[in-house]
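J.: Mind folding the following:
(chains A and B)
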Amino acid sequence: MQKCQGCGEWKWPAVSRCGDCGTWEPEWHEIALEGKLFSWTRTWHPFGGTEGIGTPFVTVLAYLPHAGDRRLLGLYEGDESLLALDLPLVGRIATTRFGDEDIPAIRWLPA
Amino acid sequence: MANGLMGKVAAAGIGVLQYKRAGAPYGERGVLTRAIVAACEDAGLDPADVDGFVSYGDDHNQPDRLMPELGTKEIRLSTSVWGGGGGGLLGAFELAAMAIATGQCKAAVVFRALVQGNSGRLSSAVMAHHVNNHFVAAGITAPAQICALRAMRMALQHNLPQEAVEQLVLADYYHGSRNPEAVSYGQQFDIETYRKSRWIAEPLRLFDCSRENDGAGAILLVSAEHARDLKQKPVYLLGAATGAEKGWGDLLENDDDYTSTGFEPVARRLWEMTGLGPRDIDVTQLYENFTYQGISSLVGHGLISWESAAEDLKFDNLIAPSGKLPVNTSGGNLAQGFIHGINIAVEAVRQLRGQSANPVPDARTCLVCGGPGSPINSSAIFANELP
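T.: You can find the predicted model right below:
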């Protein structure tokens, strides 16, 4: 995750200049994949490009309290009855099949 | 605050051709040409005299390619609003009106055309504009899914009851059932039909979603003076605003207020430039790409609040002629048809001319909101008399 070297703001999506303080080249930081549930949806319609996942599947938008509450998307793995705002989550790195490609991805699980 | 557009420009002609998706009998340019000629015939203006062309949403029809069929004498304005969604709808009116009001051109059409055989699925085109590996990796490949994530947050954060959302669907389908030009004309639609419809992406069911049509719509704008000499009763543009404020945009779902649809700064300027407020609006044409986004648009313009939503969103309150908050009097994107939203602007003109299938008695002002939740959004107020 990016953080501004000038004002310390966490930046996501990534930028080349901090629009708040004008500092160039924010630093990349390795952060723990720990967040809380901000929103979710369960997709039932087989939208083009999701064939490699298979429906239904749950997508989660998680916010990261230790990184300025910036939000990251990911597929959800785990007990779907737990899905609720602020559910503590941990992430793991995986890949998602899209067409002929395996795309780097986050999977969110209940913490 | 700039108010230089106030009543300077008017809609003088409208033309729409609408077909089932993938059902247009002509190519996209052919459909569009017919819509523009229809708008000119409606106004009583020679299509060759149209000298301005404005569109939005990545429309593919470059105006210079229309010249041979329209007989265009000279193009003086040829432009489009950035962004792949419907957020540019009223921004197109703003641009055309600015050009007319400043004398840069005299007669401009705002248009949008969509024929699947030429341009593919609209949802795919919109996503091609926004989607990247961050979305795809999370299984998100369609606008419905992004709007579902936002809708879920609206429901949970604001305790928005499902019953309130259903009322908007019922109102749209009621209006559509009475509109001979609507896809839902003559159809009975009840709440069980909605509740039994399949999930698309929770909390959105099939009937929460606009479903695209083939077709084209065109609205001819000229100066207010010019419009008074043409065939139809002028429908004046009182104001139009487009934009986004800090904390909003194409931000990988990091918009500051995730339950907003981005209208707050747009509405603020619209009220300032027209001197009007939510209580001065007689009828509203919402861009409901999805139901929840339509409701958030009402909140963004101050017509309702999240707290009052359950009370305000009642079928009887949302329909013409009796409701106090009549919306989508043609049936809207859900039940009239969806050519990337141009239909709701056409309905605004019809309503203010007294030509709507669902007339609002004595309506003088109509708010039109374009794009809900797009990185850039736009709104406009039309009126049938100058304040």
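J.: A helix includes residue B:156, no?
T.: Yes: assessed with DSSP: H, G, I helix; E, B strand; the rest coil, residue B:156 lies in a helix.
J.: burial measure for it, as a count.
T.: Other residues near residue B:156 number 19, with proximity taken as other C-beta atoms under 10 Å in any protein chain shown. All C-beta atoms are positioned from the backbone trio N, CA, C, and that covers glycine.
J.: And it, how far from residue B:316?
T.: Note on residue B:156: its distance to residue B:316, by C-beta to C-beta, to the nearest Å, is 27 Å.
J.: Could you do residue B:164 as well?
T.: For residue B:164 relative to residue B:316 (C-beta to C-beta), the value is 13 Å.
J.: These two - which one has more neighbours?
T.: When residue B:164 is set against residue B:316 and neighbours are counted by other C-beta under 10 Å, the residue ahead is residue B:164, at 19 against 10.
J.: The more buried one: what secondary structure?
T.: Once three-state DSSP is applied, residue B:164 turns out helix.
J.: Around chain A, pick out the residues from the stretch 201-350 of chain B.
T.: Taking C-beta under 8 Å from any C-beta of the partner chain, the part of the stretch 201-350 of chain B that reaches chain A is made up of B:201-203, B:251-254, B:258.
J.: Just give me the closest of those residues to residue B:31.
T.: Within those, proximity to residue B:31 (C-beta to C-beta) peaks at residue B:201, which comes in at 30.4 Å.
J.: For the chain, which segments count as strands?
T.: You didn't say which chain, so I picked chain A. Here chain A has its strands, by DSSP state E, at A:2-3, A:10-11, A:27-28, A:34-43, A:57-64, A:70-76, A:88-98, A:101-110.
J.: switch to chain B, that's the one I care about
T.: Taking DSSP E as the test, the strands found in chain B are B:9-19, B:52-55, B:77-80, B:107-114, B:199-201, B:204-205, B:214-223, B:235-243, B:283-285, B:365-370, B:377-383.
J.: Local confidence estimate at residue 38?
T.: All of this is about chain A. Listed pLDDT for residue A:38 reads 98.
J.: wrong one, chain B
T.: Residue B:38 carries a pLDDT value of 98.
J.: Any idea how many residues pack against the nearest residue to it once chain neighbours are set aside?
T.: Nearest-residue entry for residue B:38: residue B:15, 2.9 Å, with adjacent residues in sequence omitted and distances by C-beta to C-beta, 6 or more residues apart in numbering or on different chains. Other residues within reach of residue B:15 by the criterion other C-beta under 10 Å amount to 23.
J.: Against residue B:287, how distant is residue B:15?
T.: 20 Å.
J.: can you pull the contacts of residue A:32?
T.: When contacts are counted by C-beta atoms under 8 Å, 6 or more residues apart in numbering or on different chains, residue A:32 touches residue A:66.
J.: Ok, the one 4 residues further on next?
T.: Residues touching residue A:36, when contacts are defined by C-beta under 8 Å, 6+ apart, comprise A:62-63, A:65, A:86-89.
J.: Turn these into TSV, columns for distance to residue B:354.
T.: Below are the contacts of residue A:36 laid out as TSV (distance: C-beta to C-beta, whole Å):
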residue	distance to residue B:354
A:62	52
A:63	50
A:65	56
A:86	51
A:87	53
A:88	58
A:89	55
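J.: Just the buried ones from the residues you listed?
T.: In the contacts of residue A:36, burial by neighbour count holds for A:62-63, A:87, A:89, counting by 16 or more other C-beta atoms under 10 Å in any protein chain shown.
J.: Quick check: the farthest pair among those?
T.: Farthest pair in those (C-beta to C-beta) is A:63 and A:87. Separation: 11.1 Å.
J.: residue contacts, residue A:34?
T.: A:64, A:66, A:88-91, A:111.
J.: One more pass at 6 Å, please.
T.: In this structure, residue A:34 makes contact with residue A:90, judged by C-beta atoms under 6 Å, 6 or more residues apart in numbering or on different chains.
J.: can you check residue B:27 too?
T.: Residue B:27 makes contacts with residue B:118, as judged by C-beta under 6 Å, 6+ apart.
J.: Backbone dihedrals for it, please?
T.: Here is the backbone geometry of residue B:27 (degrees, to the nearest 10): phi -70, psi 170.
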